[in-house]
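Asker: Need a 3D model of the sequence below.
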Amino acid sequence: MNINWRIWLRKLHRWGAVLVALPFVVVIVTGILLQLKKEWSWVQPPASRGIGKTPEIDFEAILKAVRGVQEAEVESWADIDRLDVRPTKGYVKVQAINQWEVQVDLRTAKVLQVAYRRSDWLESIHDGSWFHESAKLWVFLPSGVVVFGLWLTGIYLFVLPHWVKWGRKPPRVSG
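Answerer: So this is what the prediction gives:
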C-alpha cells in the first residue's frame, strides 16, 4: 500500500489545528498581553523611582508602610506573596496575596504607588495552571507539541510546491 504523504500531512495539519484551537488562542492572547506588560499599566503597574540607591529601611518599616494601604489588605507577613527589591531604583515592590502591588521607597518608607497587578494572573492563564494544575501537563503541553507539529507540517507543505517547481524531487518523509 502506497501512502500519499501530502494528503496525509494536510489532514494531520488540518485536524491538529482544530484540536488545539482553543488552548492555542488562550496562549496567543495572553502572550500578547504579557508582551505589552511594560507598556500597559492595566497588566503591570509602572515602576516608580525612589530617592536612594541603597536600602536604608528594614523589613518592619516595609511591613508598616504596606499595612497602611487599604487595598492591599495586609496585616502580617502572611498576607504578602513576595518582595521585589530594586536597590538601584530605590524601591521595593511588595505584592500582596490579593495581587495588589505596593511600591515603597527604600530610604523613606514612603508609599510610592499602589496598583492592581494582573501579569501573574495572565501568566497562570498562559501556562494553563489557572484552570487546573493538571491542565498544564495534559492540555497545554500536548497543545504545544501539536503546534510544533503544525509548524513542521506547514513548512513542509509550503516548501513542497517550490521543490516541484524547481524540478527537484521532494524530500521523502520516512515512516
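Asker: can you count the residues close to the residue nearest to residue 52 when sequence neighbours are not counted?
Answerer: In this structure, residue 52 finds its nearest non-sequential neighbour in residue 107, 3.6 Å apart by CB to CB, 6 or more residues apart in numbering. (C-beta placed from N, C-alpha, C; glycine too.) The number of residues packed around residue 107, counting by other CB atoms under 10 Å, is 16.
Asker: Buried residues, the helix ranked longest in the chain. List them.
Answerer: With DSSP state H applied, the helix covering the greatest number of residues in the chain is identified as helix 141-165. Neighbour counts over helix 141-165 (16 or more other CB atoms under 10 Å) mark 143, 146-147, 150, 153, 156 as buried.
Asker: same for it, what does it pack against?
Answerer: Under the contact definition 3 or more CB pairs under 8 Å, 6 or more residues apart in numbering; DSSP states H and E, helix 141-165 sits against helix 5-19, helix 21-35.
Asker: Mean pLDDT lowest where, among those helices?
Answerer: Confidence, taken as mean pLDDT, is least for helix 5-19 of the helices and strands packed on helix 141-165 (a mean of 80).
Asker: count of residues packed around residue 63?
Answerer: 18.
Asker: you'd agree residue 92 is in a strand?
Answerer: Yes. Inclusion of residue 92 in a strand is indicated when DSSP: H, G, I helix; E, B strand; the rest coil is applied.
Asker: Distance of it relative to residue 63?
Answerer: 11 Å (CB to CB, to the nearest Å).
Asker: Likewise for residue 157?
Answerer: Using CB to CB, residue 157 is found at 59 Å from residue 63.
Asker: With residue 4 instead?
Answerer: Here the criterion is CB to CB. By it, residue 4 lies 68 Å from residue 63.
Asker: Equivalent analysis for residue 11, please.
Answerer: Residue 11 is 60 Å from residue 63, where distance means CB to CB.
Asker: count of neighbours near residue 95?
Answerer: As a burial measure, residue 95 scores 18 neighbours (other CB under 10 Å).
Asker: Quick one: name whatever helix or strand follows the helix or strand where it lies.
Answerer: Element membership for residue 95, per DSSP states H and E: strand 91-96. Reading on from strand 91-96 to the C-terminus, the next helix or strand found by DSSP H and E is strand 100-105.
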